[in-house]
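Colleague: Here is a sequence together with a model predicted from it:
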Amino acid sequence: MANEFTFRISTTRFDDGYTPSESSRATTNFANLARGERRQENLRNALTMIDRRFNDLAHWDNPDGDRYRVELDIVSVTLQFEAEGADQEFPLLEVLDVGIVDHLTGRRHQGIVGNNFSSYVRDFDFSVLLPSLAEGAGAPAVPDDFGDLHGKLFQHFLASDAYRDRYPMTPVICISVSTSRTYHRTANAHPILGVEYEQGDPSLTDSYFGRMGLQVRYFMPPGAVAPLAFYFSGDLLGDYTNLQLIGTIATMETFQKIYRPEIYNANSAAANVYRPSLTSQDFSRTQVAYDREERNRLALTQGRFTEEHFVNPHREVLATWAADYAVPTR
């Protein structure tokens, strides 16, 4: 059954000329930046912030702070399968691929794929399924198999020839820490990732990414004001080079400064015991316009789209595939 689900990958360069395609998820954070009257200014400012942060962290043999440039590609993944005797397609997920250009040597380094993560099925799970369960009398808030289909589809994608032929390393997803959890600073520190934080109560997002085969660690990089959540498989500290880790930090910290300035562009750094909050007023806004409320509205719209065009019409096929699918061992 697993071989009946295959994948097609396409890429789009994310630069100051980027325009979201009709098939791209409207809730994708970088797509939000590319709309409106200030779209090109938004994109240029965001890309400049990424380059400056990269050079700030990669400061060795870089006296003028301009040795490196980051190139970003949006990786769009389409699920292909057969249902009702016909070939079917559905846009599954989008991530970012990082490339690093060294102006001194002329070399181009492969960064980490993943970084930002957006998924139609996740929109359905969190924006449609969970609220509907909460409305039922006596129904459990979170079912035991919550995220099971999404997690298996993601792991099947990583095991596919489509992924392995393009990307030699496993992905790292980097997102904001949860505002519903408290984080404690540890004595552990990494020269690039920074100081590590821990929290002993996994969030629903942590569990959801766990279904995808990813574990989480929290690090606050040098010069940052809040820890980031890094979701990965394997060895986060050992599997990637310093430049690869810097590419992910520079990209995703920049996006978080834009999306969640209350946390990532705060005027003071996280304390030893840290509870992130979006109600804080002690922060600075970036020069990049971003509509957070629009993104939340579109998540529901796209969750309903997934329900109508993927979950409901193919429910039996999906359930049978998920029941028969064995997660590959690494």
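Modeller: It's in. Numbering: from 1, shown residues only.
Colleague: Test my guess that residue 146 contacts residue 208.
Modeller: Yes - Residue 146 lies in contact with residue 208 (Cβ atoms under 8 Å); the separation is 7.3 Å. The C-beta positions use only the backbone N, C-alpha and C, and glycine is treated the same way.
Colleague: any residues in contact with both of the two?
Modeller: residue 125 (Cβ atoms under 8 Å, 6 or more residues apart in numbering).
Colleague: Low-confidence regions, the stretch 1-150 of the chain specifically.
Modeller: 1-3, 21-32, 34-37, 135-140 (pLDDT under 70).
Colleague: rerun that using 80 as the cut-off
Modeller: Residue ranges of the stretch 1-150 of the chain with pLDDT under 80: 1-3, 19-38, 84-85, 133-141.
Colleague: Please enumerate the helices of it.
Modeller: Using DSSP state H, counting those that start in this stretch, the helices found in the stretch 1-150 of the chain span residues 29-33, 39-57, 120-124, 130-135, 148-158.
Colleague: so which of these gets nearest residue 12?
Modeller: Of all these, helix 29-33 sits nearest to residue 12, with 9.9 Å by Cβ to Cβ.
Colleague: Compute the distance between the residue lying closest to residue 103 once chain neighbours are set aside and residue 98, please.
Modeller: Of all residues not flanking residue 103 in the chain, residue 67 sits nearest, at 5.7 Å (Cβ to Cβ, 6 or more residues apart in numbering). Distance, residue 67 to residue 98, using Cβ to Cβ, to the nearest Å: 16 Å.
Colleague: Looking at these two, which is more packed in?
Modeller: residue 98 (26 against 18; other Cβ atoms under 10 Å).
Colleague: How about the contacts made by the more buried one?
Modeller: By Cβ under 8 Å, 6+ apart, the residues touching residue 98 are 70-72, 111-113, 115, 244, 247-248, 251.
Colleague: how near is the nearest residue to it once chain neighbours are set aside to residue 102?
Modeller: Leaving aside its sequence neighbours, residue 98 sits nearest to residue 111 (Cβ to Cβ, 6+ apart; 2.9 Å). The gap separating residue 111 from residue 102 is 12 Å, by Cβ to Cβ.
Colleague: which of those two has more neighbours?
Modeller: Per other Cβ under 10 Å, whichever of residue 111 and residue 102 has more neighbours is residue 111, with 29 against 16.
Colleague: What separation do you get for the closest residue in space to residue 101 that isn't next to it in sequence and residue 116?
Modeller: With Cβ to Cβ, 6+ apart as the measure, residue 69 is the residue that lies nearest to residue 101, at 4.4 Å, once sequence neighbours are left out. According to Cβ to Cβ, residue 69 and residue 116 sit 19 Å apart.
Colleague: who has more neighbours, those two?
Modeller: Set residue 69 next to residue 116 and count neighbours by other Cβ under 10 Å: residue 116 wins out with 21 against 16.
Colleague: My read is that that one contacts residue 255, right?
Modeller: Yes - contact criterion Cβ under 8 Å: residue 116 and residue 255 qualify, at 6.7 Å.
Colleague: ok, back up a step: JSON lines for the contacts of residue 98, including distance to residue 264?
Modeller: What follows is those, written out as JSON lines (distance: Cβ to Cβ, whole Å):
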{"residue": "70", "distance to residue 264": "18"}
{"residue": "71", "distance to residue 264": "23"}
{"residue": "72", "distance to residue 264": "18"}
{"residue": "111", "distance to residue 264": "20"}
{"residue": "112", "distance to residue 264": "19"}
{"residue": "113", "distance to residue 264": "22"}
{"residue": "115", "distance to residue 264": "15"}
{"residue": "244", "distance to residue 264": "21"}
{"residue": "247", "distance to residue 264": "17"}
{"residue": "248", "distance to residue 264": "14"}
{"residue": "251", "distance to residue 264": "13"}
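Colleague: Filter those down to the ones in strands?
Modeller: Mapping the contacts of residue 98 onto strands (DSSP state E) picks out 70-72, 111-113, 115.
Colleague: of all these, which comes closest to residue 164?
Modeller: Closest approach to residue 164 among these (Cβ to Cβ): residue 113, at 11.6 Å.
Colleague: how close does the closest one sit to residue 93?
Modeller: Distance from residue 113 to residue 93, by Cβ to Cβ: 12 Å.
Colleague: Need the residues touching each of these two.
Modeller: By Cβ under 8 Å, 6+ apart, no residue touches both residue 113 and residue 93.
Colleague: What strand or helix carries the residue nearest to residue 280 when sequence neighbours are not counted?
Modeller: Excluding its sequence neighbours, the residue lying closest to residue 280 (Cβ to Cβ, 6+ apart) is residue 262, at 4.6 Å. Following DSSP states H and E, one finds residue 262 within helix 261-264.
Colleague: Who are the packing partners of that helix?
Modeller: The contact analysis (3 or more Cβ pairs under 8 Å, 6 or more residues apart in numbering; DSSP states H and E) places helix 261-264 against helix 242-259.
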